[in-house]
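[1] Just a sequence and a predicted model for now, questions to come.
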Amino acid sequence: MAPPTEPAGRTSNSNIKFDLENGLGGEKKGDGTASQRGHSIYDVNQFDTGDEYQNLVRYISNYREGRRKSVASISPDDDVVKKPWWKFWAKKGAAPGMDPNTFEVPDDWLYTDLKQGLASSELENRRKRAGWNELSTEKENMFLKFLSYFTGPILYVMELAVVLAAGLQDWIDFGVIIAILLLNAGVGWYQEKQAADVVASLKGDIALRATVVRDGSEQDVKARELVPGDIVIIEEGQVVPADARLICAYDNPEAFDEYKQLMAEEEGEEPREKKDTEEEDEEDKHHGVSLVACDQSAITGESLAVDKYMGDTTYYTTGCKRGKAFGIVTANARASFVGRTASLVQGAKDQGHFKAIMNSIGTALLVVVVLWILVAWIGGFFHNLNIATPMHSSNNLLHYVLILLIVGVPVGLPVVTTTTLAVGAAYLAKEKAIVQKLTAIESLAGVDVLCSDKTGTLTANQLSIREPFVSEDVDVNWMMAVAALASSHNIKSLDPIDKVTILTLKRYPKAREILEQGWKTEKYTPFDPVSKRITAVCICDGVRYTCAKGAPKAILNLSNCSEETAALFRSKAGEFARRGFRSLGVAVQKNDEPWDLLGMLSMFDPPREDTAQTIAEAQFLGLQVKMLTGDAIAIAKETCKMLALGTKVYNSDRLIHGGLSGTTQHDLVERADGFAEVFPEHKYQVVEMLQQRGHLTAMTGDGVNDAPSLKKSDCGIAVEGASEAAQAAADIVFLAPGLSTIVSAIKIARQIFQRMKAYIQYRIALCFHLEIYLVSSMVIINETVRTDLIVFLALFADLATIAVAYDNAHFEARPVEWQLPKIWIISVMLGVLLAIATWIMRGALFLPSGGFIQNFGNVQEVLFLEISLTENWLIFVTRGGQTYPSFQLVGAIFGVDVLSTLFCVFGWLSGDSYQTTPPTPERFINNNGRTSIVTVVVVWCYSIAVTIVIAIVYYLMNRVAWLDNLGRKKRSRQDTTMENILAHLSRVAVEHEKDDVKGTSRFHLASKATEAEMDE
């Protein structure tokens, strides 16, 4: 078929811009910032001169690649009602009686004039009453946030210790314990705030934008600035920025009067009786023709786009797949359909697995300390100790309670672990990964299966069209022009395939000349997974051309070509697939003539240069990468070969229609390297089956369709350029492309996990160290370390380990787990070794020669120094030796060691003399409490030797195979019986039968109909 040669002199009206002041044909007004959503360095508005094909040709001629502009960060404090300075507990926000959470939009707000839109002067009033158009929670009160660091079982016990110290009039202990609580709260609050600010600064890069009509012109604004009553423009490729009622098509503003009449009729209608048939009801509720089609899969699960008509509501965060129309905002984000659904689960503050782990450790330590207190009291009764006297001595029962509460309750545990996560989130933010919730870091560290999409993650997302296959007697320029006709012409948000198809016309000047011959688009049908093609009906010279582009098989089915031509077409498609090329067939129909098969485009998206190396690195880390792609199976296998990923790639149809079920189906998913021709429901099913086998699964996605599988996975990852809906469903949002960024994030998450695990082991060991030593010394020799020194030991332990969040941790070469049995065994063993070392030191002081004391010294101060040094240095053992410690950690611990040494040398808080059973030599109970420098050096050397011994034991314990794997869950558990039972149950349905003659009905089980039967 030959291309048209003479211009028809007619213009298209399908994409004509409508100037709300000057009528048709005017240039689009606004600030022109819509180009920030694209990759071109040109403002796309400069191409909008009124003619669809002139715009398209100009776009092709002038396009060149440029860096994406980022959206500026948004200040959350804009236009917030000020509160009185004295109401520090009150939240910033709306004035009394204007709570956005309970606000209902007045009816008169929804009668905005289509041409004028809202006036700027009206925005402030509406925003004060309705709030910002965003789902994010209100800004947290910083004072209340600070107070939250004083809550929790562990902190309540420390607060009880404050009351006990006050009751005993032990004011030094009282002040130091309060200082410990304030230190932990202050540092935790500051570190978490700093980390949150880093993450928040990047969130502006994923801000949603919208085109609105205000003050008589179109403007591009941030979506959060929309208010009810705003006139918004909803068009193909964009996310619906708020719940909006459709008014009319963008190129038919005259229908606004029809819309107003429709609204008036609906307001005056009485409730109608239910229709007898679904068909009548479906037919009755639509008005006119479809204006747009929206993808509501994230809300309703429907895989196909839903047509929307005049008066219908388009829902917030759904994607517009076709059309362009005016709509009026009926509710902001929090009052939208999606927002109301989200609010149902906001009350249930799920703290996640991490919080449960911390609570279990804290509860166990509280139970243990109560048992030690009981043992200490029993020993005290045998030594005839009083309850609270003498007041200024530590040798009474209430002081025993105070001492054991201080040493047995790790006050820094919840704060240090939480701030480690927060600081880790800041580290991830520097790698362009925005953490939506802190508990996602733990999930990411434990992931062992990564289900990755191909385009943009494994490949460079740089599609190019190679030399096309052209049918016999067909002009390649005509074929390329038809391919461009059968593409979306919305140059502001082009699909990657449509974009490369159109831009390839740079190499075909004659094809561009064909497009300039006065074409008019009469109807455009976007790609859908059923027909697997794009169709456009175009008019030129009074001749109607139906242009089609899509999967080769779908295009071949349109034509009635000879078997020889069909065979050649199939063989070319197979050849392209084997070379890793994606094929697109092109065909055209002139009027009612038979379809003409024009040829085939071959597209290639090369793998990223670092992808193969990154996959090898991921496999070294114990991570199995599965590729899920919508491409044909031959292309998927060829891509896997290029990436050394494995070629066990299967067609996704085998998951649902392949006759597999139960254990066989689960085995297929678990062993596969990837799946081809994947739809969103397949992704969800793959994730579900892997989770049923015990795998922690991460899923990448970018479209609205991916939202369900992202939500289902253990760690949903929205890749660079993902839609707003995908970002909302994901746990982590990436702003940089490629698999390497994801693998880097997994490494960082494992480092964060290692920091937390090292601190927890360290803190549990410290608790057992002092509990074992102090209680045994209370019972055996009627001695304890003075309470004043104990509180400083606790303070120094917290001071030294605040820097743990900034340590240079290593990452394990396998998915990490808490392994609580292993943590408890190792921690208790370390605590026992520390207690033995302290007893050796104390026992040597009973020798007539003084043992470790040279010249002169004080027992209390020598014990204080030994305990402080060995405990501080223990963190160097539990952190592992694979990396050097950070200067922050070394500096913090060195500073505390210097303070401990000064305490010992100058005898600070050594207290009055006392006698033990058996007695301690008198010369070591001096009243001034000072200790010689030589003694201090000996204690340092002894502490270094103890730390070396403990490090060797720790290393050997981690080398024991059974202990190293203790507490690890089986990642590939198989429950054949249950899997088969569930598979059989999935085929069962409950049927309801009604006997009209007898007037009876019954329910019974039956086989569920197959999809083929349901289609019939």
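    The structure has been received and is ready for your questions. Numbers count the residues shown, from 1 in each chain.
[2] which residues sit against stretch 417-425?
    By Cβ atoms under 8 Å, 6 or more residues apart in numbering, the residues outside stretch 417-425 that reach it are 187-188, 191-192, 194-196, 198-199, 354, 358, 435, 438-439, 441-442, 748-749, 751-752, 755-756, 759-760, 804-806. Bear in mind the C-beta positions are built from the backbone N, C-alpha and C, glycine included.
[3] One more pass at 6 Å, please.
    Residues outside stretch 417-425 that contact it (Cβ atoms under 6 Å, 6 or more residues apart in numbering): 188, 191-192, 195, 199, 435, 438, 441, 752, 755-756, 805.
[4] go on, stretch 767-784?
    With contacts defined as Cβ under 6 Å, 6+ apart, stretch 767-784 is touched by 365, 372, 375-376, 379, 383, 394, 407-408, 828, 831, 834-835, 838, 916-917.
[5] just curious, which of those residues is nearest to Trp940?
    For Trp940, the nearest member of the contacts of stretch 767-784 is Thr838. The distance, counting by Cβ to Cβ, is 15.0 Å.
[6] Show me what secondary structure element comes after the helix or strand the closest one falls within.
    Under the criterion of DSSP states H and E, Thr838 resides in helix 820-844. Per DSSP H and E, helix 820-844 leads on to helix 859-878 as the next helix or strand towards the C-terminus.
[7] Show the average pLDDT along that next one.
    If you average the pLDDT over helix 859-878, you get 95.
[8] quick one, phi/psi of the nearest residue to Glu677 once chain neighbours are set aside?
    Among residues not flanking Glu677 along the chain, Ser652 sits closest, at 5.2 Å (Cβ to Cβ, 6 or more residues apart in numbering). In terms of degrees, to the nearest 10, the main-chain angles of Ser652 are phi -60, psi -20.
[9] Now for Ser652, how many residues are close by?
    Residue crowding around Ser652 was assessed by other Cβ atoms under 10 Å; the count is 23.
[10] now it: how far from Leu766?
    Using Cβ to Cβ, to the nearest Å, one obtains 53 Å as the distance from Ser652 to Leu766.
[11] For the lengthiest strand in the chain, give the mean pLDDT please.
    In the chain, assigned by DSSP state E, the strand with the most residues is strand 319-331. Taken as a whole, strand 319-331 has an average pLDDT of 88.
[12] Give the other helices and strands that that strand contacts.
    For strand 319-331, the packing partners by 3 or more Cβ pairs under 6 Å, 6 or more residues apart in numbering; DSSP states H and E come out as strand 231-235, strand 243-249, strand 292-295.
[13] For the ones you listed, give me JSON lines that also has mean pLDDT.
    Below are these laid out as JSON lines (pLDDT from 0 to 100):
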{"stretch": "strand 231-235", "mean pLDDT": "93"}
{"stretch": "strand 243-249", "mean pLDDT": "93"}
{"stretch": "strand 292-295", "mean pLDDT": "85"}
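[14] Dump these to a markdown table, plus mean neighbour count and distance to Thr417.
    Compiled in a markdown table, those are given as follows (neighbours: other Cβ atoms under 10 Å; distance: least, Cβ to Cβ, whole Å):
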| stretch | mean neighbour count | distance to Thr417 |
| --- | --- | --- |
| strand 231-235 | 22 | 44 |
| strand 243-249 | 23 | 40 |
| strand 292-295 | 24 | 40 |
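[15] Adding distance to Leu690, write these out as JSON lines.
    JSON lines is the format used below for the helices and strands packed on strand 319-331 (distance: least, Cβ to Cβ, whole Å):
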{"stretch": "strand 231-235", "distance to Leu690": "37"}
{"stretch": "strand 243-249", "distance to Leu690": "35"}
{"stretch": "strand 292-295", "distance to Leu690": "25"}
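[16] quick revisit: go ahead and confirm the residue nearest to Glu677 touches Gly674.
    No. Using Cβ atoms under 6 Å as the test, Ser652 is too far from Gly674 to be in contact (9.9 Å).
[17] before we move on, back to that, of the contacts of stretch 767-784, keep whichever come out buried.
    Neighbour-count burial within the contacts of stretch 767-784 applies to 365, 372, 375-376, 379, 394, 407-408, 828, 831, 834-835, 838, 916; the criterion is 16 or more other Cβ atoms under 10 Å.
[18] Closest to Glu159 out of these?
    Gly408 (14.9 Å).
[19] could you point out the longest helix in the protein?
    Within the chain, and with DSSP state H defining each element, the longest helix by residue count is helix 739-780.
[20] so what does the helix or strand following it touch, helix or strand wise?
    Sequence-wise, the next helix or strand downstream of helix 739-780 (DSSP H and E) is helix 787-801. For helix 787-801, the elements it packs on are helix 171-203, helix 397-408, helix 859-878, helix 887-906, judged by 3+ Cβ pairs under 6 Å, 6+ apart.
[21] out of the contacts of stretch 417-425, who's nearest Cys715?
    Looking at the contacts of stretch 417-425 and their distance to Cys715, the nearest is Ile441, at 9.1 Å (Cβ to Cβ).
[22] does that closest one count as helix, strand or coil?
    Classification of Ile441 by DSSP: H, G, I helix; E, B strand; the rest coil places it in helix.
[23] residues in contact with it?
    Residues in contact with Ile441, defined by Cβ under 6 Å, 6+ apart, are 421, 424, 749, 752.
[24] what about the last one, how many neighbours?
    Looking back up the chat, that one is Ile752. The local packing of Ile752 (other Cβ under 10 Å) involves 27 other residues.
[25] go on, the second one?
    Other residues near Gly424 come to 25 when the count uses other Cβ under 10 Å.
[26] Please identify the helix or strand for it.
    When elements are defined using DSSP H and E, Gly424 is found to belong to helix 413-430.
[27] Check Pro919 too.
    Element membership of Pro919, judged by DSSP H and E, is empty: it is in no helix or strand.
[28] same thing with Ile635?
    helix 633-643.
[29] Give me the next element, helix or strand, following that helix.
    Immediately after helix 633-643, counting by DSSP H and E, sits strand 649-651.
[30] quick one: contacts of the next helix or strand after that following strand?
    Beyond strand 649-651 in the direction of the C-terminus, DSSP H and E gives the next helix or strand as helix 653-656. By Cβ under 6 Å, 6+ apart, the list of residues contacting helix 653-656 from outside reads 682, 685.
[31] Buried ones in helix 653-656, by neighbour count?
    Residues of helix 653-656 classed as buried by neighbour count (16+ other Cβ under 10 Å): 654-655.
[32] What would it look like as PDB? C-alpha coordinates only.
    Extracted C-alpha coordinates of helix 653-656, given in PDB (Å, rounded to 0.1, in the frame of the first residue of the first chain):
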ATOM      1  CA  ASP A 653       1.200 -18.800  31.600                       C
ATOM      2  CA  ARG A 654       2.600 -22.000  33.200                       C
ATOM      3  CA  LEU A 655       1.900 -20.400  36.600                       C
ATOM      4  CA  ILE A 656      -1.900 -20.200  36.000                       C
END
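[33] average pLDDT for that helix?
    In this model, helix 653-656 has an average pLDDT of 71.
[34] ok, now stretch 461-478?
    In this model, stretch 461-478 carries a mean pLDDT of 88.
[35] ditto for stretch 673-692
    Confidence over stretch 673-692, taken as the mean pLDDT, stands at 86.
[36] Could you do stretch 389-404 as well?
    Mean pLDDT, computed over stretch 389-404, is 90.
[37] List the contacts of Val470.
    By Cβ under 6 Å, 6+ apart, the contact list for Val470 reads 476, 479, 599.
[38] Check the buried ones among the contacts of stretch 767-784 against Arg544 and report the nearest one.
    The nearest member of those to Arg544, counting by Cβ to Cβ, is Leu365 at 79.5 Å.
[39] Model confidence for that closest one, exactly?
    92.
[40] For it, which non-adjacent residue is closest in space?
    Counting by Cβ to Cβ, 6+ apart, the residue nearest Leu365 is Cys767, at 5.8 Å.
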